[in-house]
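Chemist: sharing a sequence plus its predicted fold:
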Amino acid sequence: MVDREAAKGQILLAEPFMVDPNFRRSVVLLCEHQTDGSIGFILNKPLKMNVSELIADFPEFESEVYFGGPVATDTIHYIHNVGELLEESVEVNRGVYWGGDFSKLKFLISSKLVEPGNIRFFVGYSGWSSGQLHEELGYGSWVIADMHANYLFKSHPASLWKQVMSNKGHNYEIIAQMPDSINWN
């Protein structure tokens with residue numbers, strides 16, 4: 001049973017037994033959620049590469065890139081906390097913005113006005129067609145949680161799924177303690 005409807009700015013937590021390797025124990029921030037579909041980014045799957053390695057004319061910048069999802073893996077996206085400095089960015093949640101003017105972003109990085117702690121880069125995104133996410137929520141594939149900017153900018157990716165699940169309280173605290181593999185029971 002779905003405890004509520006998903007909305008832009010919320011987090012989707014993969015249920016603990018999800019077998020899809022793209023989403024196993026993933027924490028997805030919904031950046032867009034409309035009747036014709038949804039877009040989000042996986043917050044806890046680092047790729048062990050630097051953004052400067054992926055974009056030829058990008059300023060030297062020590063910022064790790066994350067796997068945003070299995071859709072359009074030939075694209076780069078970014079979520080940040082400097083929306084007041086970056087025109088065309090979309091506020092997703094309080095203190096969390098998506099996208100914005102890319103040329104201005106490069107200028108802000110070169111000028112040291114955007115530091116690695118202000119932004120996360122993603123390869124690809126997670127996407128759902130019209131009604132698909134609602135259906136997956138109905139099957140219990142996802143648990144909805146509230147987003148907090150600290151999840152993105154302060155939390156360690158390896159423990160993020162467990163942290164957000166625990167923060168939901170009650171039965172979710174127990175679910176958060178479940179081992180990643182049933183072989184570990």
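Modeler: Yes, it's here.

Chemist: so for stretch 147-161, what gets flagged as buried?
Modeler: In terms of neighbour count (16 or more other C-beta atoms under 10 Å), stretch 147-161 has its buried residues at 147-148, 151-153, 155, 157, 160-161. For the C-beta atoms, the positions are set from N, CA and C on the backbone; glycine is no exception.

Chemist: inside strands: which ones of those?
Modeler: Within these, no residue falls in strands by DSSP state E.

Chemist: farthest pair within these?
Modeler: F153 and W161 (16.8 Å; C-beta to C-beta).

Chemist: centre of the chain to the lowest-mean-pLDDT helix or strand in the chain, how far?
Modeler: One helix or strand of the chain scores below all others by mean pLDDT, DSSP states H and E: helix 171-176, with a mean of 74. Offset of helix 171-176 from its chain centre (C-alpha atoms, centre = their mean, to the nearest Å): 21 Å.

Chemist: what lies in contact with that helix?
Modeler: 16, 143, 161-163, 165-166 (C-beta atoms under 8 Å, 6 or more residues apart in numbering).

Chemist: quick one: which of the residues you listed is nearest N118?
Modeler: Closest to N118, out of all of the contacts of helix 171-176 and judged by C-beta to C-beta, is Q163, at 20.7 Å.

Chemist: on that earlier part again, reformat the buried residues of stretch 147-161 as TSV; add distance to V27 and pLDDT.
Modeler: Converted to TSV, the buried residues of stretch 147-161 look like this (distance: C-beta to C-beta, whole Å; pLDDT from 0 to 100):
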residue	distance to V27	pLDDT
M147	10	96
H148	12	95
Y151	7	96
L152	9	94
F153	14	94
S155	9	94
P157	8	95
L160	5	96
W161	5	94
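
Chemist: how many neighbours does the nearest residue to S130 once chain neighbours are set aside have?
Modeler: Nearest residue to S130, sequence neighbours excluded (C-beta to C-beta, 6 or more residues apart in numbering): D36, at 5.0 Å. Burial of D36 is recorded as 8 neighbouring residues (other C-beta atoms under 10 Å).
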